[in-house]
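Student: The amino acid sequence is not available; the structure is as follows:
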């Protein structure tokens, strides 16, 4: 190859041609360094026919600088990059960046210096040094990472290095991972599990594309079943990717995985240190042999990593909306998983107790093969579910737990059993106002109230992350001690439980309290040891956890998810409540679920109470078909934002005025977004509702491509949106 076309990691340029110097070996997929003006940029060598650009005479081409020491991207992964960029109306560069997401991994083999406690003490102890020594017990990392763990400055730690309290350790950045064994601890499966497992194993061994929907009730043993497919892939020296929707679920999964295969899997998520990401990336790219990555468990971004011999993808809790990226490249990991399996010709398993309507429709149409686990493992029974009508069973003033649920909580505490209360609202109260003048505490950057968090003694915005201390007096009228909390969050429910059951041990489980794998592991260990009587949690507790002594689930406000403008509100409410109900009675003891609601006759609430999933999905399917909504129609959103409201509004109106007039496409808007101000940017939206036959992406590209916008305006496209704020 004398001439190379590069996908250049520069959003403005994207595609450039370069000369390949004599003696340099490059091929399509090679990751290279190229000159760009006075700078150097990374690029990927691409097929010129698939990446057209203006031809430049050979005499004007600049030479490549070098080839990076990583394997070339496989053609199938390059096709996935192209497909993702095309389908989601994103730039190929943005997608390719997710493939090369560890800068350190591109530099080749290396060693580095980490530090750990030596056991010695400093000559002079300060409060900061004492806190650091206590926090770093058992830790080994770089100075920067240790400073983050200990919550002190790097200067404090360098002082400890100078005094010998922290000692340097030279480590191989790419040290091998322990080997997983397919036959380490093979479990006894039920007959239903064995039939499903055998079908999945057969598909793994066939080495062809095979999409499965694994539809099993909560507690049916879906994980143990697909573990058999993982074992088959390991035995054939093929790599496996398991996608989980929450980092907090990782610890529980890791324990089950290590029990089955004798060693933990390779992890990939945003909380990894830079050295861990580098090691994982290179192990994934090098393949499953000789200490490489055999099984990867990760968040959605793990989908784009350059696996050497990928042979199976499992998407656990495949209905979860957290698999949809809501900024940058707005992809859905569930759909990308299916496409990657299709390009590379291997099976993909979508596992869920409450599948997305789109997945069920694909199964009904024969696109996915549906495998069913209809009953709980080991003879455990599904819980009894009933509703508590809050218009009749009214909680006392400033309380939110109705008398029937209070009685059930007391009963479980007397029996030594555990209870779980579910409310999908973090913090203490969603709104704080002044009793004297009515002033409401609002985020200055967003169209949102500040949420009171009493555990951390902060007022916080859950959209932009702003935090501030609660003032002693109202900033509007100056009145002291006049702030009132309005409505409940999980912290307030936990306080109410402490009043009702003062002897109960209560734990709050949210993304605030379980914000690391270590804290999640500690919570799981306490719950399994019986050290917690009542768990109060958000959607984080609706999936993945298995506590045999948990026999009561109370849903504090089942109507909460039905409010607002979410077009999938009924489906999402059904999934959340059904999943949290599935935490009850997973052991030998029977479970009970009480759903507090003001609308017990609402179709979704009635379906939950009657355990009639099929009736709910049939009604939801009919409603979607009538509305031309997915999966029977197509949605896309255009979001316009700017720090200047007038500028954003004018840009949105220009887009609206230029809308195409097509028979199979309906365009709504522009309108101010429900979240009209987000992170300091004013926002407007258009919603596109199209028939399945319409090529929505081409319509949008031609429509927006003819328009220019001021530098301060951002226009983003969301194909198959899940968020409508």
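Tutor: Happy to help now that I have it. Predicted model only: the values in this text are computed from it and were never measured. Numbering: from 1, shown residues only.

Student: From here on, just use CA atoms for contacts and neighbour counts.
Tutor: Noted.

Student: Could you give me the buried positions within the lengthiest strand in the chain?
Tutor: If you go by DSSP state E, the chain has its longest strand at strand 665-678. Within strand 665-678, the residues scored as buried using 16 or more other Cα atoms under 10 Å are 665, 667, 669-673, 676-678.

Student: And that strand, what does it pack against?
Tutor: Secondary-structure packing of strand 665-678 (3 or more Cα pairs under 8 Å, 6 or more residues apart in numbering; DSSP states H and E): helix 645-657, strand 681-691.

Student: Name every strand pairing with it and say which way it goes.
Tutor: Using DSSP bridges, the strands paired with strand 665-678 are strand 681-691 (antiparallel).

Student: Which residues does the strand it pairs with contact?
Tutor: Residues outside strand 681-691 that contact it (Cα atoms under 8 Å, 6 or more residues apart in numbering) are 445-446, 628-629, 632-645, 648-649, 652, 656, 664-673, 675-677, 696.

Student: thinking again about what came up before, could you single out the most deeply buried of the helices and strands packed on strand 665-678?
Tutor: strand 681-691 (a mean of 22; mean count of other Cα atoms under 10 Å).

Student: quick check: mean pLDDT across the next helix or strand after it?
Tutor: Under the assignment DSSP states H and E, the closest C-terminal helix or strand after strand 681-691 is helix 696-705. Here helix 696-705 scores 96 as its mean pLDDT.

Student: Mind listing residues that contact helix 696-705?
Tutor: Under Cα under 8 Å, 6+ apart, the answer for helix 696-705 is 86-89, 634, 636, 655, 658-660, 690.

Student: buried set for it?
Tutor: 696-697, 700, 704.

Student: between that helix and strand 681-691, how big is the angle?
Tutor: Orientation of helix 696-705 against strand 681-691 (axes from the mean of the first three to the mean of the last three Cα atoms, to 10 degrees) gives an angle of 140 degrees.

Student: The closest residue to residue 381 other than its chain neighbours: what's it in contact with?
Tutor: Leaving aside its sequence neighbours, residue 381 sits nearest to residue 590 (Cα to Cα, 6 or more residues apart in numbering; 6.5 Å). Neighbouring residues of residue 590 by Cα under 8 Å, 6+ apart: 380-383, 551, 584.

Student: By neighbours, which of the residues you listed wins?
Tutor: With neighbours set by other Cα atoms under 10 Å, the maximum within those is found at residue 584, which has 31 neighbours.

Student: Tabulate the buried residues of strand 665-678 in CSV, adding columns for pLDDT.
Tutor: Shown next, in CSV, are those (pLDDT from 0 to 100):
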residue, pLDDT
665, 95
667, 96
669, 93
670, 97
671, 96
672, 96
673, 95
676, 96
677, 97
678, 96
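
Student: show me the contacts for residue 296.
Tutor: 239-242, 265-268.

Student: 6 Å - rerun?
Tutor: Residues in contact with residue 296 (Cα atoms under 6 Å, 6 or more residues apart in numbering) are 241, 265-267.

Student: In the lowest-mean-pLDDT helix or strand in the chain, which residues are buried?
Tutor: The weakest-scoring helix or strand in the chain, judged by mean pLDDT, DSSP states H and E, is helix 517-528 (a mean of 85). Within helix 517-528, the residues that qualify as buried by neighbour count (16+ other Cα under 10 Å) are 517, 520-521, 523-524, 527.

Student: Could you do stretch 274-293 as well?
Tutor: 274-289, 291-293.

Student: Okay, and which of these map to helices?
Tutor: Taking DSSP state H, the ones among the buried residues of stretch 274-293 that sit in helices are 274-286.

Student: want to try TSV for those residues, with pLDDT as columns?
Tutor: Listed next are those as TSV, based on pLDDT from 0 to 100:
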residue	pLDDT
274	85
275	85
276	89
277	93
278	92
279	93
280	95
281	96
282	95
283	96
284	97
285	96
286	93
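
Student: want to throw those residues into CSV with distance to residue 484?
Tutor: Formatted as CSV, those follow (distance: Cα to Cα, whole Å):
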residue, distance to residue 484
274, 43
275, 46
276, 45
277, 45
278, 48
279, 50
280, 49
281, 50
282, 53
283, 54
284, 53
285, 55
286, 58
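
Student: Can you tell me which of the residues you listed is nearest residue 225?
Tutor: residue 284 (24.4 Å; Cα to Cα).

Student: Could you report the distance from the closest one to residue 112?
Tutor: 20 Å (Cα to Cα, to the nearest Å).

Student: cool, residue 625 as well?
Tutor: 58 Å.

Student: cool, residue 576 as well?
Tutor: On the measure of Cα to Cα, residue 576 and residue 112 end up 45 Å apart.

Student: what do you get for residue 371?
Tutor: 47 Å.

Student: now do residue 154
Tutor: For residue 154 relative to residue 112 (Cα to Cα), the value is 17 Å.

Student: So which of these two has more stuff around it?
Tutor: Remark: of residue 154 and residue 112, residue 154 carries more neighbours, 16 against 13, as counted by other Cα under 10 Å.

Student: For residue 177, which residues are in contact?
Tutor: residue 291.

Student: Equivalent analysis for residue 528, please.
Tutor: Residue 528 touches nothing, counting by Cα under 6 Å, 6+ apart.

Student: i'd like the first residue to be 26 from this point on
Tutor: Shifting the count to begin at 26 puts that one at residue 553.

Student: what's the distance between it and residue 615?
Tutor: Taking Cα to Cα, one finds residue 553 at 17 Å from residue 615.

Student: Then residue 216?
Tutor: 23 Å.

Student: With residue 655 instead?
Tutor: 38 Å.

Student: for residue 605, same thing?
Tutor: Between residue 605 and residue 615 the distance is 15 Å, computed by Cα to Cα.

Student: Then residue 448?
Tutor: With Cα to Cα as the criterion, residue 448 and residue 615 are 23 Å apart.

Student: cool, and residue 472?
Tutor: For residue 472 relative to residue 615 (Cα to Cα), the value is 44 Å.

Student: what does residue 353 give?
Tutor: For residue 353 relative to residue 615 (Cα to Cα), the value is 45 Å.

Student: Then residue 85?
Tutor: Following Cα to Cα, the distance that separates residue 85 from residue 615 is 77 Å.

Student: Quick check: which ranges of the protein have low pLDDT?
Tutor: 273-274, 589-590 (pLDDT under 70).

Student: For burial, what's the neighbour tally of residue 648?
Tutor: Neighbours of residue 648 (other Cα under 10 Å): 12.
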